[in-house]
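Student: 3D, please:
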Amino acid sequence: MHFSIVAILLVSIAVTGLLMPMLIKLFSLKRLVDNTERRKIHDREIPTMGGTGFFGAFMITLLLFGSYEQLAAHRVEILTISVMFVVGLRDDLIELRPVSKLIAQLVPAFLLIYLSNLVFLSFNNFLGIGDIPYWFGVTLSLLTIIGLTNSFNLIDGLDGLACSLALLGSLVFGSWFYYQGVDYYSFIAFAFAGSLIGFLYYNWQPAKIFMGDTGALVIGFLLAILAIRFIEYNAMLPAGTFLKFNSGITLAISILIVPIFDTLRIIIVRLILKRSPFVPDKNHTHHMLLRLGFSHAQSTLILVFVNIAFIGLAFSLDFLGDNMLMPIIISLAVSLSFVLNYFVRKRLASLNFDAKGTRLEVIKSHRKAS
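Tutor: Numbering: from 1, shown residues only. Next comes the predicted model:
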């Protein structure tokens, strides 16, 4: 790998490592902690808003290594990422109502789409559809950005989980952009990956600090940008180009499959149970793994491994194209969910617990429901 990429990784790791101990101490003194409450599943106070550390390290790395031309050309993306950071910061300091939070997220999303033209203009022959109307492309882009932004917010329920999955996505997207010569997006992906590595040391079980919405919203928003740009650039590559994928859309989904599928699954479950999609519960995939007796670290590693397996599968079967590969990936994700649910119910039954999921109430953990 080119020396500059290694330097970017090392600097962002180092800056995060310098910032985090100071922030942990500061937030503890100022009582900016995730308190133990009825709906939480952790049993001690832990500093939150750790996203300020890796976001700060990420921005410092951009300023240190980014040329004036790069920063000027992509100022809209930098601005909107910063706005999303402020939205998360506001929610961590003074909790926003779900509707207010969603409206606040729409502002940077609309600005990003309108000012940087981050719009899907084609389905790339997925389902036999080529070009799509502009209004539909804007809608699809908006749903993608808001959906991914909130998916990482929702999955941030275990020590190190959201950070590990974001790190995996950043490294995969960054490597692809690097090999295709798309320097800027490779640059921001590796700068972000380095900051996440530095943060993961403090966020791994037992976590010394949580990222909070300050970090989770930034992670989802930035990865949404990388995913859309990946699909866009991949479609424009000439046939026969190294690492041009026939199933670009499916591969992008596979890179982020765990947060995407878990979010869709939890929304469907809540609607079936006639509950609001915005009301936190303990039915996420990581909660199910906790019910099976796995620790935070073990559950996180399992989900990261599953995500890597999906990426490998999508890469191996890329020749099938999106029309054939997408149903395979979705069917496999659904099947694994049913298998996991079966084992959870079986374990709960053997422990004489209610199959509705009260087991989590007695699991000693350090995270809140989401």
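Student: what number of residues lie near Phe242?
Tutor: 7 (other Cβ atoms under 10 Å). For the C-beta atoms, the positions are set from N, CA and C on the backbone; glycine is no exception.
Student: OK, contacts around it?
Tutor: Counting by Cβ atoms under 8 Å, 6 or more residues apart in numbering, Phe242 touches Tyr179.
Student: mind checking how far it is from Gly66?
Tutor: 26 Å (Cβ to Cβ, to the nearest Å).
Student: what of Pro108?
Tutor: 20 Å.
Student: between the two, which one's more packed in?
Tutor: Pro108 (24 against 19).
Student: any residues touching stretch 62-77, and which ones?
Tutor: 4, 7-8, 11, 78, 111-112, 115-116, 183-184, 187-188, 191, 225.
Student: in helices, which of these appear?
Tutor: Counted as lying in helices by DSSP state H, out of the contacts of stretch 62-77, are 4, 7-8, 11, 78, 111-112, 115-116, 183-184, 187-188, 191, 225.
Student: quick check: the two most widely separated of those residues?
Tutor: Ala7 and Leu111 (31.2 Å; Cβ to Cβ).
Student: on that earlier part again, pLDDT check: weakest of the contacts of stretch 62-77?
Tutor: Lowest-confidence member of the contacts of stretch 62-77: Ser4, scoring 88 (pLDDT).
Student: residues near that one, how many?
Tutor: Ser4: 13 neighbours (other Cβ under 10 Å).
Student: all strands of this protein, in order?
Tutor: 33-34, 40-42, 46-47, 122-126, 129-131, 366-368 (DSSP state E).
Student: who are the packing partners of the third one?
Tutor: Looking back up the chat, that one is strand 46-47. helix 3-29, strand 33-34 (3 or more Cβ pairs under 8 Å, 6 or more residues apart in numbering; DSSP states H and E).
Student: worst mean pLDDT among those?
Tutor: For those, where the average pLDDT is lowest is strand 33-34, sitting at a mean of 82.
Student: ok now it, how far from the chain's centre?
Tutor: Averaging C-alpha positions (Cα atoms, centre = their mean, to the nearest Å) puts strand 33-34 21 Å from its chain's average.
Student: by contact count, what packs against that strand?
Tutor: Strand 33-34 packs on strand 46-47, going by 3+ Cβ pairs under 8 Å, 6+ apart.
Student: name the residues that touch the strand it packs on?
Tutor: 23-24, 27-28, 32-34, 207-210, 366.
Student: how does it look with 7 Å?
Tutor: 24, 27-28, 32-34, 207, 209-210, 366 (Cβ atoms under 7 Å, 6 or more residues apart in numbering).
Student: quick revisit: quick one: closest of the helices and strands packed on strand 46-47 to Leu301.
Tutor: Among the helices and strands packed on strand 46-47, helix 3-29 sits nearest to Leu301 (Cβ to Cβ), with 20.6 Å.
Student: got the contact list for Leu127?
Tutor: Contacts of Leu127 (Cβ under 7 Å, 6+ apart): Asn323.
Student: please report how far it lies from Asp322.
Tutor: 8 Å.
Student: check what pLDDT the nearest residue to Leu167 once chain neighbours are set aside gets.
Tutor: Nearest non-adjacent residue to Leu167, counting by Cβ to Cβ, 6 or more residues apart in numbering: Leu196, 4.4 Å away. pLDDT, Leu196: 98.
Student: burial count for the closest residue in space to Phe123 that isn't next to it in sequence?
Tutor: With sequence-adjacent residues excluded and distances taken as Cβ to Cβ, 6+ apart, Phe123 is closest to Ile129, at 3.9 Å. Applying other Cβ under 10 Å, we find 10 residues neighbouring Ile129.
Student: run through the bridge partners of Ile129.
Tutor: Phe126 (DSSP bridges).
Student: how close does the closest residue to Thr285 other than its chain neighbours get to Phe126?
Tutor: Closest residue to Thr285 apart from its sequence neighbours, by Cβ to Cβ, 6+ apart: Asp262 at 4.8 Å. Applying Cβ to Cβ, the value for Asp262 to Phe126 is 23 Å.
Student: in terms of neighbours, single out the busier of the two.
Tutor: Taking neighbours as other Cβ under 10 Å, Asp262 and Phe126 compare with Asp262 leading, 23 against 16.
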